[in-house]
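K.L.:
Predicted model and sequence below, questions to follow.
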Amino acid sequence: MRLAVTLTALALVLAGCNQADRRDTPAPNDVGESAAPAIRSVEGRSYRYDYAFAAPGAQIAVAQERHAQACEALGPDQCIVTSMTLDNDNPRNVHATLDLAIAPALARGFGSKASAALGQLGGRLIAARIDSEELQSRLTRLDEAQQGQQRDLVEIDRRLAQPGISQGERLQLQQRAEALRDKASAGRAETRSIRGQLAATPMHFDYRPLATGWFDGDSPLANGYAIGRDSVNALLAVLLLIVAGGLPWALLAIAALLLVRWGRKRLVTALG
């Protein structure tokens with residue numbers, strides 16, 4: 001019986017290994033431009049692209065460098081590297097990130113080519129997210145507000161130029177003009193910020209190690225260990241629940257038994 005169980009377990013492990021090998025080896029159609037989701041950019045919207053890649057540990061720094069070089073090859077007016085990190089202390093757990101600011105019209109194609117480049121290094125795209133925000137309406141509101149503020153300032157200047165206004169009214173008009181100038185300055189700063197968001201699209205690349213060993217990532221033995229650990233934790237939780245629920249009744253039964261025995265001893269002593 002033990003031999004049969006052992007052979008069955010070994011067969012399951014080997015089957016899991018075969019599935020992991022097939023899963024960890026990128027197929028030709030698993031990478032490339034179709035692997036990275038993309039949406040067509042629309043004027044007046046800002047976009048942010050986030051990609052998570054998995055690659056063999058030794059290839060992560062290579063992939064990061066290729067992506068950075070591809071950005072720099074476009075020129076600083078089209079793409080710039082804003083941040084790079086690489087943690088290569090543990091060869092089995094290499095981690096790297098790359099942040100870019102790229103022209104919106106190039107972001108879609110750059111993400112697709114970046115995914116294809118990972119496939120050439122034995123890696124793959126494992127997650128992607130594209131967020132967007134509509135900003136044109138904010139620009140329109142800011143522009144309308146600034147035009148209104150400019151009209152108010154012109155009117156205040158006209159009233160200040162009139163002879164015979166009181167000192168109190170003059171002070172109120174000057175204070176209002178100063179407040180309008182402050183609002184206009186803040187509006188211009190917000191407008192520049194929004195136009196900057198529309199002019200450059202942020203892209204974030206996250207590089208993680210690809211599971212290659214039996215105990216790495218989502219390998220069969222790692223999955224088996226995780227399932228076994230979760231099963232043990234669940235069993236312990238059930239036992240703890242049973243103990244917690246039955247302990248008060250057990251203590252009550254023991255107390256009752258001791259009380260009965262004590263009562264019998266008192267009765268025997270009284271009759272004796």
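P.N.:
Thanks, I have the structure now.
K.L.:
pLDDT of the helix or strand where Ala255 lies, averaged?
P.N.:
Using DSSP states H and E, Ala255 sits in helix 220-271. Taken as a whole, helix 220-271 carries a mean pLDDT of 73.
K.L.:
Which elements pack onto that helix?
P.N.:
When contacts are defined as 3 or more C-beta pairs under 8 Å, 6 or more residues apart in numbering; DSSP states H and E, helix 220-271 packs onto helix 2-24. Using the backbone N, CA and C atoms, a C-beta is placed for each residue, glycine as well.
K.L.:
I'd guess Asp206 is in a strand, am I close?
P.N.:
Yes. Per DSSP: H, G, I helix; E, B strand; the rest coil, Asp206 lies within a strand segment.
K.L.:
excluding its backbone neighbours, what's nearest it?
P.N.:
Nearest residue to Asp206, sequence neighbours excluded (C-beta to C-beta, 6 or more residues apart in numbering): Ala52, at 4.6 Å.
K.L.:
cool, and Arg181?
P.N.:
Here the residue nearest Arg181, using C-beta to C-beta, 6+ apart, is Leu153, at 7.2 Å.
K.L.:
any idea how far the residue most central in space within the chain is from Arg129?
P.N.:
Nearest to the mean C-alpha position of the chain, by C-alpha atoms, centre = their mean, lies Asp50 at 8.2 Å. From Asp50 across to Arg129, the span is 4 Å (C-beta to C-beta, to the nearest Å).
K.L.:
Check Leu74 too.
P.N.:
Taking C-beta to C-beta, one finds Leu74 at 23 Å from Arg129.
K.L.:
Would you mind telling me which of those two has the busier surroundings?
P.N.:
Leu74 (15 against 11; other C-beta atoms under 10 Å).
K.L.:
Just the pLDDT at that one, thanks.
P.N.:
Looking at Leu74, its pLDDT reads 96.
K.L.:
Quick check on it: phi, psi?
P.N.:
Main-chain torsions, Leu74, degrees, to the nearest 10: phi -80, psi -20.
K.L.:
mind listing what it touches?
P.N.:
By C-beta atoms under 8 Å, 6 or more residues apart in numbering, Leu74 lies in contact with 102-103, 106.
K.L.:
and the nearest residue to Arg208 once chain neighbours are set aside, how many residues sit next to it?
P.N.:
Once flanking residues are discounted, Arg208 sits nearest to Ala54: 5.1 Å by C-beta to C-beta, 6+ apart. Other residues near Ala54 come to 22 when the count uses other C-beta under 10 Å.
K.L.:
Tell me where the stretch 1-150 of the chain has helices.
P.N.:
2-24, 57-73, 104-120, 136-161 (DSSP state H, counting those that start in this stretch).
K.L.:
Quickly compare those helices and say which is most buried.
P.N.:
helix 104-120 (a mean of 19; mean count of other C-beta atoms under 10 Å).
K.L.:
distance between that helix and the chain's centre?
P.N.:
Relative to its chain's centre, helix 104-120 lies at 20 Å (C-alpha atoms, centre = their mean, to the nearest Å).
K.L.:
can you check stretch 177-196 too?
P.N.:
32 Å.
K.L.:
cool, and stretch 173-187?
P.N.:
Counting by C-alpha atoms, centre = their mean, stretch 173-187 comes out at 40 Å from the chain centroid.
K.L.:
same thing with stretch 98-107?
P.N.:
Its chain's C-alpha centre and that of stretch 98-107 lie 18 Å apart, by C-alpha atoms, centre = their mean.
K.L.:
ok, now stretch 104-123?
P.N.:
With C-alpha atoms, centre = their mean, you get 19 Å for stretch 104-123.
K.L.:
now swap in stretch 171-181 and tell me
P.N.:
46 Å.
K.L.:
Many thanks, we can stop here.
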